[in-house]
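S.K.: Have a look; sequence and predicted model below, questions after that.
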Amino acid sequence: MSDTPAPAAPAPARAAMKKELPERFKAYRNVWVIVELERGQVHPVSWELMGEGRKLADKLGVELAAVVVGAPGAGTREAIAEGFVYGADLAYLVENPILAEYRNEPYTKTLTDLVDTHKPEILLLGATNLGRDLAGSVATTLLTGLTADCTELAVAADKSLAATRPTFGGSLLCTIYTLNTRPQMATVRPRVMPTPTRQEGRTGRVVEHPIDLKEESIVTKVLSFLPDRASHKSNLAFADVVVAGGLGLQGAENLQLVRALADVLGGEWGCSRPCVQKGWAPAERQIGQTGKTIRPKLYIAAGISGAIQHRVGVEGADLIVAINTDRNAPILDFAHFAVATDAIRFLPALTEAFRARVSAHTSDRLAG
Amino acid sequence: MHFVVCIKQVPDSAQIRVHPVTNTIMRQGVPTIINPYDLFALETALRLRDEQGGEVTVLTMGPPSAEDALRKALTFGADRAVLLTDRFFAGSDTLATSYALAQAIRKIGETWGAPDIVFAGKQTIDGDTAQVGPGIARRLGLNQLTYISKIAGLDPAAGTIDLERRAEGGTQVLRSALPCLVTMLEGSAEIRRGAFADALRAARAEIATWSAAAAGVDDLQKCGLRGSPTVVKRVFAPTPRAEKAKAIEPKPRAKETAEDLIAALFEAKPALAADLERLAAGL
Amino acid sequence: MVEKFDCIVVGAGMSGNAAAYILAKRGLSVLQLERGEYSGSKNVQGAIMYADMLEAIIPDFREDAPLERHLIEQRFWMMNGAAHTGMHYRSDAFNEAKPNRYTILRSQFDKWFSRKVREAGALVLTETTALELIFDAYGACVGVRTDREGGIVHADVVVLAEGVNGLLGSRAGLRAPPKPDHVALAVKEMHFLPAETIESRFNVHGDEGVVIEAVGTISGGMTGMGFVYTNKECLSVGIGCLVSDFARSGQTPHGLLEAFKAHPSIKPLIEGSEVKEYAAHLIPEGGYKAVPQLCGDGWVVVGDAAQLNNAIHREGSNLAMTSGRFAAEAIFQIKSRREKMTKDNLSRYPKALHDSFVMKDLRKYRDMPALLHTNSRNFFLTYPELVAKAMENFLRVDGTPKRETEAKIFSAFRKARGFTGLFGDAFKLARAWR
C-alpha cells in the first residue's frame, strides 16, 4: 500500500449526506399526486402537478398515481377519470363520508395510512391552503422531508428528487434533496407548472383503500361553509394579459396607471410584494412566488426590479415587457422587451397608444 | 388561560427603499423585524387573554440577537418571553425546527401551565414554507387549524373554540377543541401599540434564555443538520436567458416610444394583436 | 402611578447615548426615549468618528465597537466641472496603536453604543416619541409625555438630545426652531465594492482609510461640501448644502449628488460599485451664533439640537458626544450633592462646554457661516473656476513663456474679483478663520 496522506475528516454535514438510504425505504416506488377535491371541484393545480409527475415517473421508469380522497359520490369517480386523462397510470381512492369536508385530522390519517401501505417514493401536493395544511402534518407524522413552493422538479442521477425553490429572501435559487427518508414530499404553487395536454380516452386502474375513521374521534367539526362573493375575486392566475406595478411607481396612487392600462387591454392588474407590504394594494393582487403565479400571453411590469421572488411568478408568460429606468435591473435578464423610461410618464402614453391601436383594428373589423 | 405564540425574527424586506433617481432597490442595512404574520397571531392571543384572562408567552428559536424580537413582542403586552438558542440548532430545516419548538413548548407547559392555544403566523417572509406550525401541532398532538381568519368564539369551560378558516372559494366555519394550534392569516387583527407601562416592563424584563438542554431538547439527533431530512445541495443564481431583453429606446415623445413598443410586440407575436382585440371586446 | 427617574434622555443618537451611558454608569436611574425603531435608525452621518472624545466616555471602545477603517490620509479638493485642485496629507503616524479617527457606519455603531447604554443599566424605549415636556407651577421641567398610552413619566432632569429637527424643546419655547440658513440638507449613498478594490483604488492596506472632502462648483454655487469616505467594503459618497440655498436655487440634493458622482475625479473611484443605501439628513450649520440657551430649570440641550456642530472642520459627532458627557457629569455632580436641577446648578454644563474645545472652536469660526453664505458665489463658483484654470495654465506646457503664463493667471483673478475683492476676500476669510 502506497503512502498516501490520511484524508481530512469530512465535515459532519457531508458525512450525513453520504449516508445510504435505509433499507426499509428502498422498496418505495412510484410518484403520487394528491388530487385536491373540494365540494365536487378539483383544483387545477392538481392537473399541473400531474403533468410534472408524469415527467418524473417517466424518468424514473415508475408509475404515476392520482390520490383521490373524499366522500362517496362527491366527484371522486370524475376526479379519477380526469386524473387518467391528465396522465396517471393508477388511482388510489379513499371514500368515506367523514372525508366530505376537508379537515386536517382525517385527511392526515388517511394519507399517512395510504403512504405506509403503498409506499410512494415521491409525493406531490399543490401549495394551496389545503395542500400546505396537509403536507406539513403528513411530513411531520412520517418524519420525512418536505420542500415547499418548488419552481422546478427533476430527477437526479441517483434517482432521487431534486426540488428547486427560491432562497435568501428570493435573490437566489437552491436545490433541495431528501436524502435518508421516503417519501420525498414537495409542494408546488398553482400556475408554476403548465397544464398538461389531455389524453382523451386514457384510463388506468383503481386501487380502493378502505379507511377506518370514526366521526366521534375527530375533534374538529365543520359547522358551515360560506362561499366567497364572485365580485371579490381577481382572475390573475388565468388572465391572458397582466399589467403590474412595483416600487418604481413611487406611490400607491400611481397604481391607477397600471389599472388603466390593464383595463384597455382587457386584462388583470397586479403588483409586486413590496407594494403589498407597504399597503399600496391588497394581498390578492400580489404577483410572485408568495403571491399569484401568472402565465399570461402578455405581461407588462412597470417599475419592478425583477428579483427572483417576482421572476418565478411570471416566467411562464409568453411576452414580458419591463418598463424600468434601471438598465441593470434583474428583470432585464428574463424580460423580452425593455423600455428604459419612467413608468409614471410612460404608462399613460402606452395606454393611449394601445387604445388607439386596438380600437382602430376593432373598428376595421366591424367595418369590413 | 395560557396562550403561547411562536415568532420568528426575519430580515425586513418591506424596508427596502427605492433610490430616487435610479429607481433601484436598496437592500443594504435592512434591519430585522418580527415576521409580520406572527404579529397577527400575537394580537389575536393578546385579545383573547384580555377577554378571558390568563397569560401570553412568546417563544422564538434563533441566534442570541433574536432577543430583540422577543423584547419587541413584550412591548405589545405579552407576559413573558423565551429565547431558545443553541448552536445545535444551526442548519435546522422545518422538521428539526418543529421538534425543538415542540420540546420547548412542552417545557413552557411544565413551567407555567399547559398552553390552551399555540399560535403561529401563516408563514414567514423569509422561508415561506408554512411547515413549522403543522409540525408543532403534530408533535404535541394538538388539533391543527391553519389559515384562520377569525376566532369567532372561545368556551374555556367546554374546552371548545369556534373559528373561520380560509379555503378555496370560501370560508369554513369550524368548531374544534382545546388545546389546539392556530395559524393566523394576515389582516386578521392589527397589532396594537403597547402602552407605556408595557414598554417599560419589556425594557426591564429578564428574557428566559434556554439552551437545548434547558428546553428539554434531549435528542440532539433530531436537531440541526442531523435532524433535517432535507438538505440544500446547491445554491445558484438563475441562468440568464441567452437573449437579453430587446431594448426599445425611449424617444423624446412618449407616444412614439409607446408605438415602437407595440409594433415590436406585434412583430414578435402576430397573434397578440388579435388576442388583444378579443379581450378588449370583452370576448 | 407615574414613574420617576433621575433623568430622562430624549434621543438615542451620539449625544443622547453619551449622556445616558455616563449617567447610568454613575448609578443614576435613566430612561432613554428613542422615536426610531432602534438607536441609529434615524441617524445619518458620513461618518467619521473621533476616537479621542469616545475614549473619554468608553476608554476601551476599540475592543468591540464596530469600526470600519482608521484614517491615514485626508484629501481636500477644490473642484470645478472637469478638474480638482487638491491638497493631500497622508501619514504613517496615523497607523498608531490607538488611531485618532475612524470611519463608522452609524446604523451599526449606534446599535453597539445603545447596547452599552443598556448594559450600563439605562432603560431604553424605542418606537416611543416624546411629544411634550411637562412643567410644574414654577416653570421647571419635571418630565415628558410620550405617544404611548399612559405615557407620562417624570424625572429630575430631562436631557434634550433630540437632534437637529427635534421639536420638543422648540414646542416648549426653550429655543427657536432652526432657521433654513442654519441647517444644511445632505444626501449620501453607500457604494459597495470589494475591500481589495477599495484598497487598490485608494492605495491603502488592511484597515487603513482615506477621506476626501471637496468644495467647488459641485455645490452649484451654493455653500456646501461633498465627500467620499472609505469604509471596509463600501464608500460613503455624499454632498450637502444649506436648506435656504436649495429653496432659492431650485436645485435638488440628489441632482447635486448625481453630478458629483459623474465628475471625472469621482467617477472612477466608484466604478463598478453597487449602490445599496440612500439616505438624507439635516445638519446644523448655524455655528456659534445659532447655539441656543443650553440649560434651564430641569432641562439641558445637547448635540445637534443645540447646534453644536463645527461645519468647517466637519466635526459634529464628537461635539455631540462631548456635550452629552459634560451634561451628564454636571447632572451627576448636582445629584451627588443632593442639590436641585436648577438653571444655575445646571450651568456647570455650558460652563464646561465653554472651557473646552467645543465652544472655543465654535466661537473661533462664528463668522464663517455668514461669510461663506453671503459670498457663496465667490467661494463656491468663482474661485474654484479661477483656481482650476490657474492650475491648468500652470501645468500645461505649450511653449508660452512662464512669465506670460503667470501674468495671465494673475490677470484672470484680478478681472474676476478686482484687487479690492481679492484682498477683501482674503482678509475676511483670515479674520473669520481666526
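M.R.: Looks like it arrived, so ask away.
S.K.: these two touch, right, A:Arg205 and A:Leu90?
M.R.: Yes: judged on CB atoms under 8 Å, A:Arg205 makes contact with A:Leu90 at a distance of 4.9 Å. Quick note: C-beta positions are derived from backbone N, CA and C, even for glycine.
S.K.: And those two? Which one has more around it.
M.R.: More crowded of A:Arg205 and A:Leu90, by other CB atoms under 10 Å in any protein chain shown: A:Leu90, with 20 against 11.
S.K.: these two touch, right, that one and A:Val62?
M.R.: No: shown here, A:Leu90 and A:Val62 do not form a contact pair, counting by CB under 8 Å, at 11.0 Å.
S.K.: pretty sure C:Ile48 is touching C:Val211, no?
M.R.: Yes: look at C:Ile48 against C:Val211 with CB under 8 Å: they come within range, at 6.7 Å.
S.K.: who touches both of those two?
M.R.: The contact sets of C:Ile48 and C:Val211 overlap at C:71, C:101, C:103, C:229 (CB atoms under 8 Å, 6 or more residues apart in numbering or on different chains).
S.K.: Most proximal residue of chain C with respect to chain A?
M.R.: At 9.3 Å from chain A, C:Glu274 is the closest residue in chain C, using CB to the nearest CB.
S.K.: Run through the bridge partners of that residue.
M.R.: Beta-bridge partners for C:Glu274, by DSSP bridges, are C:Phe192.
S.K.: Compute the distance between it and C:Gln45, please.
M.R.: 21 Å (CB to CB, to the nearest Å).
S.K.: In terms of packing, which of these two has more residues around it?
M.R.: Neighbours were counted for C:Glu274 and for C:Gln45 using other CB under 10 Å; C:Gln45 has more, 25 against 14.
S.K.: Over to the nearest residue to that one once chain neighbours are set aside: give its phi and psi.
M.R.: Closest residue to C:Gln45 apart from its sequence neighbours, by CB to CB, 6 or more residues apart in numbering or on different chains: C:Arg106 at 5.0 Å. Main-chain torsions, C:Arg106, degrees, to the nearest 10: phi -60, psi -40.
S.K.: Name the residue closest to the centre of chain C, please.
M.R.: For chain C, the residue nearest the mean C-alpha position is C:Gly316 (3.3 Å; CA atoms, centre = their mean).
S.K.: in terms of contact, does it touch C:Asp304 like I think?
M.R.: Yes: if you go by CB under 8 Å, C:Gly316 and C:Asp304 touch, sitting 6.8 Å apart.
S.K.: what about the strands in the stretch 301-434 of chain C?
M.R.: For the stretch 301-434 of chain C, no strands are identified by DSSP state E, counting those that start in this stretch.
S.K.: so how many other residues sit close to the residue in the stretch 51-200 of chain A that chain B sits nearest to?
M.R.: Per CB to the nearest CB, A:Gly136 is where the stretch 51-200 of chain A lies closest to chain B, at 2.8 Å. Here the count is done by other CB under 10 Å, and A:Gly136 has 32 residues near it.
S.K.: Need the nearest residue in space to residue 72, chain neighbours excluded.
M.R.: Using chain A here. Residue nearest to A:Pro72 in three dimensions, not counting chain neighbours: A:Glu95, with 4.5 Å by CB to CB, 6+ apart.
S.K.: Please refer instead to chain C.
M.R.: C:Phe94 is the one closest to C:Ile72 (CB to CB, 6+ apart), at 4.1 Å.
S.K.: Kindly report the same for C:Cys241.
M.R.: C:Gly224 (3.4 Å).
S.K.: ok, the host helix or strand of B:Ala45 near chain C or not?
M.R.: If you go by DSSP states H and E, B:Ala45 is part of helix B:36-52. No: counting by CB under 8 Å from any CB of the partner chain, chain C is not contacted by helix B:36-52; separation bottoms out at 13.4 Å.
S.K.: Now A:Leu21: closest residue in space that isn't a chain neighbour?
M.R.: Nearest residue to A:Leu21 in three dimensions, chain neighbours excluded: A:Asn180, at 6.2 Å (CB to CB, 6+ apart).
S.K.: ok, B:Thr124 touching B:Val10?
M.R.: Yes: counting by CB under 8 Å, B:Val10 is a contact partner of B:Thr124 at 5.7 Å.
S.K.: still on that earlier bit, and whichever helix or strand comes after the helix holding B:Ala45, what other elements does it pack with?
M.R.: Next in sequence after helix B:36-52, counting helices and strands by DSSP H and E, comes strand B:55-61. In this structure, strand B:55-61 makes packing contacts with strand B:2-6, helix B:36-52, helix B:67-75, strand B:80-84, helix B:94-112, judged by 3 or more CB pairs under 8 Å, 6 or more residues apart in numbering or on different chains; DSSP states H and E.
S.K.: hmm, who's touching the third one?
M.R.: Applying CB under 8 Å, 6+ apart, the external contacts of helix B:67-75 come out as B:5, B:7-9, B:32-34, B:42, B:58, B:60, B:62, B:80-83, B:194, B:198-199, B:201-203, B:205, B:207, B:209, C:38, C:125, C:127.
S.K.: Alright, that wraps it up for me.
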